[in-house]
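Colleague: Sequence and predicted structure, then a few things I'm wondering about:
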Amino acid sequence: GAASAKALAEAGAIVVAVDIDGALVEKMAQSLAAHQHRTLAIAADAAVDASDPYAALDPRPFGMFPSNAPLTQPDVAASLQALGLAWMRGAGGQPTVFWSLVDPDRSGDPARMSFAGTTTGPAGEPIAFDYDRDIAAALASGVNVMMNLDVAPEPWSSYRVSGSWLPTNETAYRAFVEATVRRYPGVRVWQVGNEPNAETTPEQAGLPDPGPAVRELADFAALQRVSYEAAKSADPSVVMVLAGTVEVVPDRRDDYYDALLDALAGCCVDVLDFHLYGDPAGGTLAPPTEPRFPGYQDIETGAADFRSRLDARGLSRARIWITETGSPSGTYRFGPLMLTATEAEQARDLPKRWLTALASGVDKTFWFGMHDGYGEWDDDYFDHVGLIYDGHGGSAGTPKLAYWAYWQMTRQLGGCRWSEVERLTTTVPETRAYRCPLDAGGDVVVAWWDTFNVAGWSEGAATTITVPWASAAAVMRAAVPSAASGAEVA
């Protein structure tokens, strides 16, 4: 209740408890003044297991796939730094280094490879690329960078063997991978491809139309193995990530990765990546006549499923990441549906994804989209998942509430022992609490009530939960500012 929370807050800061959905919220301005950003550093002389390059990575779980954010602009880089990010997938608008761009003649000669130039877009328009500039800007932000490697931007490219993910010239492609890894020693994590279990349209596949949707291509395991061997040949200490799955769908198991992992036979996977989006209300926004959307809670089942698949194939040492997750705010188009979510709903959803992931054995989680807008604006789902407005729905450059939720999360959880995060038992239906032990002693407990699953709930209704607590006092602090929009906070 309010009186208990007030008493806890007045007792002094021994540990921090975060009430995500509660009405007892401090103004973000007070939080900004009272708390400094804590950075978890890795000592240069830290002992590293040479047989496990993963041990040398920054252990913090806070990631971002900034999508089309122009990292060469100082204000964008500053926004990333201010968030407390630890990891970034891609370098602004260049998440993937493509063989077809760097070595268009398929020479395999590093002296003839070019990491900057111009290519042609789908409408014949010239598109400039500059991997050196973009990766340098990403690394200069102070955030750890993960990049992708692939044969070509298009699945059905002439640079691939027909009907296959494999390159037409394996020797030249291997040379490209080796040259790329050597060129960017600051990038310690590389991923091959993206969502190989996606389906493609008959037109994309070159099939008669109408025709059935098909799996993209064959031989992805072979591409993973070739890329893995080439990258490790260039630098045995890099970490290789298996391409992320297309979104984990509730109640529908996708067996594509069973065959993929079987073909890899216990090899070539340092990290497995899966993607999970959905809505910010636990998958409840769509009408009951529609298939259930994913919600943050589906991270638990997805992580457990992939953990069992890895362990059953001799890959118990492989870690699990989520390099794409997110949920939208505003009114957005999802297929034939138009759905609406508030800034506050998106903001409350964000830390739930990290806590659930950590307690489920997911080491790192990356939010998709620093800014709203993905490609040409058409009000679709991905136009609305960013943490900063691009001019649609809010003034360009204005942070949403979810931005401040991320800001608060990195500060309050910055000193956690990540592998020890655990879900606590709560007796009130639709409530959750997670305990994060701190390196400095004490705990952070993160708790919330999923009121979107509570029949008859109305604004202002409250509940009480009890969690284990060893200290004599605590501070309760909200993870989401008490404001209707991020503009009021900024």
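Modeller: Now that the structure is in, tell me what you want to look at.
Colleague: now the protein, which segments are flagged as low pLDDT?
Modeller: For the chain, the stretches flagged by pLDDT under 70 are 1-50, 69-74, 92, 121-122, 199-217, 251-253, 490.
Colleague: As a check, name the ranges of all helices in it.
Modeller: Secondary structure of the chain (DSSP state H): helices at 2-10, 28-34, 74-83, 99-102, 131-140, 170-183, 202-205, 220-234, 256-264, 298-311, 343-359, 401-412, 486-489.
Colleague: closest to residue 117 out of the ones you listed?
Modeller: The closest of those to residue 117 is helix 99-102. By Cβ to Cβ, the value is 7.0 Å. Yep, even glycine has a C-beta here, placed from its N, CA and C like the rest.
Colleague: about what we covered before: any chance of the helices of the chain in JSON lines, with distance to residue 317 and mean neighbour count too?
Modeller: Converted to JSON lines, the helices of the chain look like this (distance: least, Cβ to Cβ, whole Å; neighbours: other Cβ atoms under 10 Å):
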{"stretch": "helix 2-10", "distance to residue 317": "42", "mean neighbour count": "12"}
{"stretch": "helix 28-34", "distance to residue 317": "39", "mean neighbour count": "14"}
{"stretch": "helix 74-83", "distance to residue 317": "31", "mean neighbour count": "16"}
{"stretch": "helix 99-102", "distance to residue 317": "29", "mean neighbour count": "22"}
{"stretch": "helix 131-140", "distance to residue 317": "28", "mean neighbour count": "20"}
{"stretch": "helix 170-183", "distance to residue 317": "21", "mean neighbour count": "20"}
{"stretch": "helix 202-205", "distance to residue 317": "36", "mean neighbour count": "15"}
{"stretch": "helix 220-234", "distance to residue 317": "14", "mean neighbour count": "20"}
{"stretch": "helix 256-264", "distance to residue 317": "14", "mean neighbour count": "17"}
{"stretch": "helix 298-311", "distance to residue 317": "9", "mean neighbour count": "18"}
{"stretch": "helix 343-359", "distance to residue 317": "19", "mean neighbour count": "25"}
{"stretch": "helix 401-412", "distance to residue 317": "28", "mean neighbour count": "24"}
{"stretch": "helix 486-489", "distance to residue 317": "41", "mean neighbour count": "19"}
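Colleague: The nearest residue to residue 68 once chain neighbours are set aside and residue 430, how far apart?
Modeller: Nearest residue to residue 68 in three dimensions, chain neighbours excluded: residue 93, at 4.9 Å (Cβ to Cβ, 6 or more residues apart in numbering). Going from residue 93 to residue 430 by Cβ to Cβ, to the nearest Å gives 40 Å.
Colleague: now residue 439
Modeller: 32 Å.
Colleague: And for residue 86?
Modeller: Taken as Cβ to Cβ, the span from residue 86 to residue 430 is 31 Å.
Colleague: Could you do residue 387 as well?
Modeller: Counting by Cβ to Cβ, the gap from residue 387 to residue 430 is 26 Å.
Colleague: Neighbour count for the two, which is higher?
Modeller: A count of neighbours by other Cβ atoms under 10 Å puts residue 387 above the other of residue 387 and residue 430, at 28 against 15.
Colleague: Which residues are in contact with the residue lying closest to that one once chain neighbours are set aside?
Modeller: Spatial nearest neighbour of residue 387, excluding adjacent residues (Cβ to Cβ, 6+ apart): residue 403 at 4.1 Å. Neighbouring residues of residue 403 by Cβ atoms under 8 Å, 6 or more residues apart in numbering: 79, 83, 387-388, 486.
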